[in-house]
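> need a structure here:
(one chain, ligands or ions: 2)
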Amino acid sequence: MLIKKPDDIKSSEITSESVYLNRRNFIRAATLAGTAGASGLLYRRLNPASQKAAAPNAPPNGLNAAVEQVASGYRTAEGEAANSFEDITSYNNFYEFDTSKSGVASASEGFITRPWTVKIEGLVNQPREFDLDDLLKIASLEDRVYRFRCVEAWSMVIPWLGLPLAKLLAAVEPMSNAKYVKFVTLYDKKQMPNLRTDILDWPYQEGLRMDEAMHPLTLLASGLYGKSLPPQNGAPLRLVVPWKYGFKSIKSIVQIVLMEEQPRTTWNMANDEEYGFYSNVNPQVNHPRWSQATERRIGQCTWGNCVETKMFNGYADQVASMYAGMDLNKNF
Ligand SMILES: Nc1nc2c(c(=O)[nH]1)N[C@H]1C(S)=C(S)[C@@H](COP(=O)(O)O)O[C@H]1N2
Ligand SMILES: [Mo]
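Ligands and ions are numbered 1, 2, ... in the order given. Next comes the predicted model:
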């Protein structure tokens, strides 16, 4: 069950997230899809050196990671075993690099993530620009094994290493009128080939309500399996909100802004009828084009979706109260 069969990954690509595009955008998308792939390839051909560039966050090799995994026995509180390091680092979504899940790892190889600064600003009394290594030195990092559920109905169990976002926010002293938090990904055309396309509005942006951002489950992850995050998983710092669909987990964060207004998000802007601001995992509210009642756990389901999706991805006891009285059909 822990060993991925290569076939699983192949068959899963049938439901590529690139079909997100609605009727309105379909033709534009069809035209650009070719361009995106081609320019990524061209970029890699023109810049072979970048793949060989120093990779300070180079992940451990697959064998060591597999051995570690067996030895570590990372599990969720409910006893679900973590996916293998290999699964977690070879089936990814990171559109800045590649729109195919199996292509992200190679397209992001050599992504340079040092030095790295994260600005925290907006409605705070102590705006700060952190050097990431300074931040990681002062933060006490925690291991958290969470279920991770993509809006496209695949899922994994991932052993993150990170710091609760609440601790970082407390350090900058939010003002009382701060109601939302906006997160922004690095915008670097030299390193991210798809920024030359308009398959999404760049830079990638996400948002949380203040109480969600302050929730103890919400993590800023700097690693997985106890090691630095590999580029494909959002090095050097990415958000993890385990009761929300995967696209809320914005990668390679450079800026965090506290705001009074609800920020727009990248997937909202791409298609607000399909991707709402809240994006809470909810088996009772289907995506307009597919059911959200079940999921395909990578490495476990050999055919179809073999796991029932739980309300708030199984974290209802901890988070449901934040949405009491809200119509979750409207606030999807
Ligand atoms: N900057 C950025 N962050 C992103 C994405 C992206 O394309 N760009 N994809 C999102 C989606 S749709 C998912 S499912 C998760 C995937 O995270 P993983 O590759 O670590 O599993 O990253 C999210 N964060
Ligand atoms: Mo996703």
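> only C-alpha atoms for contact and neighbour calcs from this point on.
Noted.
> How about the residue in the stretch 1-150 of the chain that ligand 2 sits nearest to, nearest residue that isn't a chain neighbour?
Going by CA to the ion, ligand 2 is nearest to Cys150 of the stretch 1-150 of the chain, at 4.2 Å. Closest residue to Cys150 in three dimensions, ignoring its sequence neighbours and counting by CA to CA, 6 or more residues apart in numbering: Gly246, at 4.4 Å.
> Can you pull the phi/psi pair for that neighbour?
phi -60, psi -30 (degrees, to the nearest 10).
> Tyr323 now?
The phi/psi pair for Tyr323 (degrees, to the nearest 10) is phi -120, psi 10.
> burial measure for it, as a count.
Applying other CA atoms under 10 Å, we find 12 residues neighbouring Tyr323.
> how much space between it and Gln292?
Between Tyr323 and Gln292 the distance is 19 Å, computed by CA to CA, to the nearest Å.
> Lys179 now?
Taken as CA to CA, the span from Lys179 to Gln292 is 29 Å.
> Get me the contact residues on the stretch 1-150 of the chain for ligand 1.
Neighbours of ligand 1 within the stretch 1-150 of the chain, by CA under 6 Å from any ligand atom: Asn92, Asn93, Phe94, Tyr95, Glu96, Cys150.
> Leaving out sequence neighbours, find the closest residue to the third one.
Spelled out, it's Phe94. Nearest non-adjacent residue to Phe94 (CA to CA, 6+ apart): Val104, at 6.4 Å.
> wait, doesn't the one you found sit right on Asn233?
No. Using CA atoms under 8 Å, Val104 is not in contact with Asn233; the gap is 9.1 Å.
> Those two: which has the busier surroundings?
Neighbour count, other CA under 10 Å: between Val104 and Asn233, Asn233 has more, with 28 against 23.
> who's in contact with that one?
Ile88, Thr89, Asn92, Phe94, Lys251 (CA atoms under 8 Å, 6 or more residues apart in numbering).
> for Pro127, same thing?
Lys119, Ile120, Glu121, Val172.
> Please report how far the last one lies from Ser249.
With distances taken as CA to CA, Val172 is found 21 Å from Ser249.
> In terms of neighbours, single out the busier of the two.
A count of neighbours by other CA under 10 Å puts Ser249 above the other of Val172 and Ser249, at 24 against 16.
> how about the helices of the stretch 101-250 of the chain, start to end?
Taking DSSP state H, counting those that start in this stretch to define them, one finds helices in the stretch 101-250 of the chain at 104-107, 132-138, 165-172, 210-214.
> average pLDDT for the second one?
Along helix 132-138, the predicted local confidence has a mean pLDDT of 95.
> Next: the third one.
Across helix 165-172, pLDDT averages out at 97.
> Remind me what it packs against, helices and strands.
When contacts are defined as 3 or more CA pairs under 8 Å, 6 or more residues apart in numbering; DSSP states H and E, helix 165-172 packs onto helix 210-214.
> With that, I have no additional questions.
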